[in-house]
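**Q** Below is the sequence, then the predicted model.
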Amino acid sequence: QGLIRHLSFFVGPADRDAVNDGRAEYVPCNLSEIPALLRGQRPQVDVALLMTSPPDRHGFLSLGVEVLASLAAAEVAQHVLVQVNPRMPRTYGNAFLHVSDVDAIVEAEDELIELSDEAPTEDEQKIAAHIAPLIPEGATLQLGIGGVPNAVLALLEDRDDLGVHSEMISDGVMRAVESGIVTGRFKTRHGKKVVSTFCLGTRAFYDWLHENAIVELHPCDHTNLPISAAQNHRLTSINSALSIDLTGQVNADSIGPRIYSGVGGQVDFVRAATLSVGGRSFIALPATAKHGSLSRIVPTLATGAGVVTTRADVHTIVTEYGIAELHGRSLPERAEALIAIAHPKFREELRKARTAALRASRV
């Protein structure tokens with residue numbers, strides 16, 4: 001304590017308490033911007049600690065399941081230390097570090113962090129049922145974390161030749177490739193490759209990734225940069241939120257002032273889908289939280305809550321109760337569209353709050 005300053009670009013269970021009680025710090029940042037920050041020494045990188053696969057016969061270490069900003073960190077760090085882990089799958093793309101660029105190597109076999117492959121909830125299946133019919137043949141998908149993306153993929157069995165260009169992939173993508181739903185035939189960026197910057201899933205998924213040439217991992221300033229991702233025609237992004245207010249402001253990183261996760265790549269891909277020819281972006285969330293006791297659609301965001309996707313960027317919001325098209329609509333029109341997809345027991349309360357807010361604005 002006092003020797004290491006912990007900065008987090010994306011907060012998770014391991015550092016959430018530390019960030020919120022002041023022992024660590026959160027840096028709000030679009031994922032695509034992190035490598036540039038590191039190269040600009042914001043923050044300064046003294047030591048890069050990386051995990052890789054064993055080297056090949058040419059001395060190249062694969063970064064395996066996570067590229068993100070690792071190459072940028074290794075580029076600017078004063079010292080690069082690597083744990084070579086035989087359990088790390090060898091992946092392709094711009095995902096390699098040469099032993100000559102490493103100061104020290106430690107060999108240790110450790111299990112990788114896994115994400116359980118849980119079945120989608122009933123609400124997630126209903127949300128997916130609203131989104132799936134709107135995904136065209138030959139679309140390229142960006143899928144966030146959670147049950148909705150996997151539920152959407154499960155409903156696309158009648159589609160052909162989908163592609164994937166995402167910041168993260170998991171077991172659902174593996175199944176879609178193996179079943180022939182995802183072929184990348186019509187991708188207009190990276191050909192027939194499944195492209196991502198990190199992977200999180202089960203051990204079976206990691207084994208599938210190992211030396212699988214259909215998958216390429218690239219740094220996040222390539223996968224997530226909007227003008228790069230948007231080169232995929234019909235790019236369809238599906239991301240989540242914690243809450244959304246009646247003007248369309250999306251909160252996805254905090255519960256009130258308490259930091260819960262991070263900005264991640266949501267804004268990157270919302271904007272990329274908007275720039276893409278035939279692209280479309282969805283923000284999907286259950287209508288309620290806390291076992292139905294709280295509405296996630298709220299009159300105004302809670303004090304201290306962060307706005308991740310602005311109301312100018314948001315296009316389509318989906319809950320289990322339907323779809324709200326917000327792009328190009330006025331504030332009153334947005335409010336009515338969002339109230340219509342809130343849980344029925346909160347709709348009248350939301351209407352009253354919206355009416356009161358309108359009256360106050362006209363005083």
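**A** Happy to help now that I have it. Keep in mind that this is a model prediction, so the values were computed, not measured.
**Q** What is the helix or strand containing residue 177 packed up against?
**A** Counting by DSSP states H and E, the element that carries residue 177 is helix 171-179. In terms of contacts (3 or more C-beta pairs under 8 Å, 6 or more residues apart in numbering; DSSP states H and E), helix 171-179 is packed against helix 147-154, helix 203-209. In short, each C-beta sits where N, CA and C put it, glycine included.
**Q** how does it look with 10 Å?
**A** Based on contacts counted as 3 or more C-beta pairs under 10 Å, 6 or more residues apart in numbering; DSSP states H and E, the elements that helix 171-179 packs against are strand 140-143, helix 147-154, strand 163-164, strand 194-196, strand 198-199, helix 203-209, strand 215-217.
**Q** Name the residues of that helix that are buried.
**A** Applying a neighbour-count criterion of 16 or more other C-beta atoms under 10 Å, the buried positions in helix 171-179 are 171, 172, 173, 174, 175, 176, 177.
**Q** mind listing what residue 95 touches?
**A** Each residue near residue 95 by C-beta atoms under 10 Å, 6 or more residues apart in numbering is listed here: 52-53, 60-67, 70-71, 197, 215-219.
**Q** which ones among these are found in helices?
**A** Secondary structure from DSSP state H places 70, 71 of the contacts of residue 95 in helices.
**Q** just the buried members of the contacts of residue 95?
**A** Buried residues within the contacts of residue 95, counting neighbours by 16+ other C-beta under 10 Å: 52-53, 60-67, 70-71, 197, 215-219.
**Q** out of the buried residues of helix 171-179, which one sits closest to residue 299?
**A** Lowest distance from residue 299 to those (C-beta to C-beta) belongs to residue 172, with 34.6 Å.
**Q** my read is residue 274 is in a strand, agree?
**A** No: following the definition DSSP: H, G, I helix; E, B strand; the rest coil, residue 274 is helix and is not counted among the residues of a strand.
**Q** Show me the shaky parts of the protein.
**A** Scanning the chain with the threshold set as pLDDT under 70 gives 1-2, 358, 360-363.
**Q** before we move on, back to that, so how far is the helix holding residue 177 from its chain's centroid?
**A** Its chain's average C-alpha position is 18 Å from that of helix 171-179, according to C-alpha atoms, centre = their mean, to the nearest Å.
**Q** what sits against residue 161?
**A** For residue 161, the set of contacting residues under the criterion of C-beta under 10 Å, 6+ apart consists of 137, 138, 139, 180, 181, 182, 183, 184, 185, 186, 187, 192.
**Q** Break down the stretch 251-363 of the chain into its helices, ranges please.
**A** 266-275, 331-339, 344-361 (DSSP state H, counting those that start in this stretch).
**Q** Among these, which comes closest to residue 165?
**A** The closest of the helices of the stretch 251-363 of the chain to residue 165 is helix 266-275. By C-beta to C-beta, the value is 8.7 Å.
**Q** Go through the closest one and flag the buried ones.
**A** Residues of helix 266-275 classed as buried: 266, 267, 268, 269, 270, 271, 272, 273, 274 (neighbour count, 16+ other C-beta under 10 Å).
**Q** just stretch 155-174 next, same as before
**A** Across stretch 155-174, burial judged by 16+ other C-beta under 10 Å covers 156, 159, 161-174.
**Q** next one: stretch 84-102
**A** 84-85, 88-93, 95-97, 101-102.
**Q** I'd like the residues you listed laid out as a markdown table, including secondary structure.
**A** Supplementary listing: the buried residues of stretch 84-102 in a markdown table, determined by three-state DSSP:
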| residue | secondary structure |
| --- | --- |
| 84 | strand |
| 85 | coil |
| 88 | coil |
| 89 | coil |
| 90 | coil |
| 91 | coil |
| 92 | strand |
| 93 | strand |
| 95 | coil |
| 96 | strand |
| 97 | strand |
| 101 | helix |
| 102 | coil |
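**Q** and the two most separated of those residues?
**A** When the buried residues of stretch 84-102 are compared pair by pair using C-beta to C-beta, the two farthest from each other are 89 and 101, 20.8 Å apart.
**Q** Just give the number of residues close to the closest residue to residue 331 other than its chain neighbours.
**A** Sequence neighbours aside, residue 247 is the residue nearest to residue 331 in space, at 5.5 Å (criterion: C-beta to C-beta, 6 or more residues apart in numbering). Under the neighbour criterion other C-beta atoms under 10 Å, residue 247 is assigned a count of 19.
**Q** isn't residue 195 right next to residue 222, touching?
**A** Yes: using C-beta atoms under 10 Å, residue 195 makes contact with residue 222 at a distance of 8.7 Å.
**Q** separation between residue 62 and residue 55?
**A** Distance of residue 62 to residue 55, computed by C-beta to C-beta, to the nearest Å: 9 Å.
**Q** and if you look at residue 144?
**A** Residue 144 sits 33 Å away from residue 55 when distances are taken as C-beta to C-beta.
**Q** cool, and residue 37?
**A** Between residue 37 and residue 55 the computed distance is 29 Å (C-beta to C-beta).
**Q** out of those two, which sits in the busier spot?
**A** Legend: neighbour count by other C-beta under 10 Å for residue 37 and residue 55, higher for residue 55 (19 against 16).
**Q** Spatially nearest residue to the more buried one, not counting backbone neighbours?
**A** The spatially closest residue to residue 55, leaving aside those adjacent along the chain, is residue 61, at 5.1 Å (C-beta to C-beta, 6+ apart).
**Q** Residue 150 now?
**A** The nearest residue in space to residue 150 (C-beta to C-beta, 6+ apart) is residue 172, at 3.8 Å.
**Q** is it true that the one you found touches residue 153?
**A** Yes: at 4.5 Å, residue 172 and residue 153 qualify as touching, with contact defined as C-beta under 10 Å.
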